[in-house]
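Asker: sequence and predicted structure, then a few things I'm wondering about:
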Amino acid sequence: MATASPIVDILLGLAPENDDAGAGNRFQFEGLRFTAAEGGVLEVGLRKAEATSLRLAWQGLVAEIGRVELHDLTGEVRFDQGRPRLCALTAGKAGLSGLTIRGPLDSARLPKGDTHAWQLEPLASANGTLRAQIVDAHLLFDADVTAPLRNGQVNFNDATVEHVGPDSRMGVSRQGLYVDAPNGRSYLYQFPSTPVPGVEYERRAVLGPFVSDRGSLRLQEFTEWLLRQAPGGPGQGITGEVRMMLDRTSVSGDVRLGDGQFRAPGVRAETAGRAEGHNAIRIHSEAVGRGLALEIASLLVRDAAAEIGAAQLGCAEATGTLMLRLAMENGQPRFELASAGIQMSSLHFQSAGARPASAQPKAATSAPAPARALPAARR
């Protein structure tokens with residue numbers, strides 16, 4: 001069985017990691033055929049392609065795939081100084097299992113000029129509850145915090161902060177997010193400036209210093225604002241005391257996303273199927289200061305697309321499971337994206353050197369009579 005290096009290089013320019021046992025990066029092809037096209041382009045068709053035990057590396061990221069299976073493929077291969085390169089590919093359907101992608105979280109990896117691309121429509125109608133337990137906290141005295149999320153909004157009049165002795169209250173003022181504890185007001189997050197999108201500030205009683213309304217947050221607008229800050233911006237308003245407290249804070253929650261457009265630097269998709277129970281997120285962390293996990297047991301997105309270097313990858317629909325883990329290791333934020341299985345339809349890939357869409361080969365079928373046909377091949 002041949003090594004995967006030439007095949008993977010043709011596909012994405014990814015570098016397979018060494019496999020001393022010789023069991024990794026295995027490929028199997030069925031119904032392979034070639035057709036010469038204009039301009040020195042080679043069109044490739046496959047009834048089915050399967051790869052197992054893949055381990056790939058790209059710019060510090062490592063991807064492991066237990067199995068990938070694609071059906072009804074058509075691709076366009078060009079030759080650059082005698083080296084083949086896949087410029088475009090379509091597949092009727094594809095499946096991934098045992099997927100893991102891990103690496104450092106680095107803002108320098110974001111596509112240039114795309115720092116304002118965040119669009120989080122699924123948060124606008126999200127519902128759920130967020131809970132936190134703060135152990136031996138200097139500010140809150142072993143507090144249990146509960147914050148309901150209704151129609152994309154956190155109303156701090158409904159949030160509770162329970163602990164031994166008189167309970168505390170959460171709220172939001174022009175200075176930031178705060179807790180009014182028995183020992184006074186302490187800020188969890190301080191705003192660099194005002195006004196802040198999505199924030200309705202607390203209101204005071206007409207007579208006296210008492211707070212009549214604790215304020216609220218519209219989660220979509222506020223989160224988009226946080227993410228659009230300069231590198232390091234989202235965390236710069238957290239006080240030193242709160243940073244230490246986060247190491248003693250566990251978090252759990254369940255949030256059901258709404259249907260709508262999701263857009264981040266280099267990625268876009270549309271969440272769908274809320275009425276059928278899709279895209280519910282389970283949130284869990286033993287210590288927020290050290291890491292956080294987000295799990296979707298039933299993912300459903302449509303019109304999904306992503307940038308991979310200079311290439312574009314997308315599909316009409318994707319379903320499956322998804323787990324995102326964020327962690328701090330030696331002061332460096334890292335992530336791990338994992339899935340037990342994802343199914344995709346109408347998959348398409350296009351690199352910077354591909355022909356215009358009007359000149360792309362049509363999706364492969366099992367019936368055509370190619371100019372040159374080969375039997376089922378194994379690599």
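Answerer: Happy to help now that I have it. Residues are numbered from 1 along each chain as shown.

Asker: quick one, domains of this structure?
Answerer: Listed domain ranges for the chain are 5-104+353-373, 107-304+316-340 (source: automatic domain parsing).

Asker: what about these, which gets the closest to Leu347?
Answerer: Across those, the minimum distance to Leu347, taken as Cβ to Cβ, is reached by domain 5-104+353-373, at 4.2 Å. In this view, the C-beta of every residue, glycine as well, is placed from N, C-alpha and C.

Asker: avg pLDDT for that closest one?
Answerer: Along domain 5-104+353-373, the predicted local confidence has a mean pLDDT of 73.

Asker: farthest residue from the center of this protein?
Answerer: The outermost residue of the chain relative to its centre, with distances by Cα atoms, centre = their mean, is Leu207 at 48.0 Å.

Asker: what about that residue, which SS state?
Answerer: Taking DSSP: H, G, I helix; E, B strand; the rest coil as the rule, one finds Leu207 in the coil state.

Asker: could you do the one 10 residues further on as well?
Answerer: The local conformation at Leu217, judged by three-state DSSP, is strand.

Asker: how about it: what's its closest non-neighbour residue?
Answerer: Residue nearest to Leu217 in three dimensions, not counting chain neighbours: Val154, with 4.6 Å by Cβ to Cβ, 6 or more residues apart in numbering.

Asker: in the one helix or strand Ser53 maps to, which residues are buried?
Answerer: In the assignment (DSSP states H and E), Ser53 maps to strand 42-58. In terms of neighbour count (16 or more other Cβ atoms under 10 Å), strand 42-58 has its buried residues at 43-56.

Asker: neighbours of Asn151, just the number please.
Answerer: Taking other Cβ atoms under 10 Å as the neighbour definition, Asn151 ends up with a count of 12.

Asker: angle of the lengthiest strand in the chain against strand 42-58?
Answerer: Using DSSP state E to assign secondary structure, the strand with the most residues in the chain is strand 83-104. Taking axes from the mean of the first three to the mean of the last three Cα atoms, to 10 degrees, one finds strand 83-104 and strand 42-58 inclined to each other by 30 degrees.

Asker: parallel or antiparallel, which strands does strand 83-104 pair with?
Answerer: In the sheet, strand 83-104 lines up against strand 61-80 (antiparallel), strand 332-350 (antiparallel) (DSSP bridges).

Asker: give the closest residue to Ser351 in space, chain neighbours not counted.
Answerer: Distances taken as Cβ to Cβ, 6+ apart put Ala311 closest to Ser351, at 4.4 Å, once the chain neighbours are dropped.

Asker: for Gln59, see how far away that neighbour is.
Answerer: The span separating Ala311 from Gln59 equals 13 Å under the rule Cβ to Cβ, to the nearest Å.

Asker: between the two, which is the more surrounded one?
Answerer: Ala311 (19 against 10).

Asker: identify the bridge partners of the more buried one.
Answerer: According to DSSP bridges, beta-bridge pairing links Ala311 with Ile308.

Asker: correct me, but it touches Phe349?
Answerer: Yes - under the criterion of Cβ atoms under 8 Å, Ala311 makes contact with Phe349 at 6.5 Å.

Asker: redo the buried residues of strand 42-58 as a markdown table? Include distance to Val77.
Answerer: Supplementary listing: the buried residues of strand 42-58 in a markdown table, determined by distance: Cβ to Cβ, whole Å:
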| residue | distance to Val77 |
| --- | --- |
| Glu43 | 8 |
| Val44 | 6 |
| Gly45 | 11 |
| Leu46 | 12 |
| Arg47 | 17 |
| Lys48 | 18 |
| Ala49 | 14 |
| Glu50 | 19 |
| Ala51 | 17 |
| Thr52 | 23 |
| Ser53 | 24 |
| Leu54 | 20 |
| Arg55 | 24 |
| Leu56 | 19 |
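
Asker: from the residues you listed, which is closest to Thr100?
Answerer: Nearest to Thr100 among those is Arg55, at 9.7 Å by Cβ to Cβ.

Asker: that closest one pairs with what?
Answerer: In this structure, Arg55 has beta-bridge partners Glu64, where bridges are defined by DSSP bridges.

Asker: and stretch 249-258, average pLDDT?
Answerer: According to the model, stretch 249-258 has a mean pLDDT of 95.

Asker: list of residues touching that stretch?
Answerer: Contacts to stretch 249-258, defined as Cβ atoms under 8 Å, 6 or more residues apart in numbering, come from residues 121-135, 137, 149, 152, 271, 274, 279-289, 292.

Asker: if anything else comes up later, I'll come back, but that's it for now.
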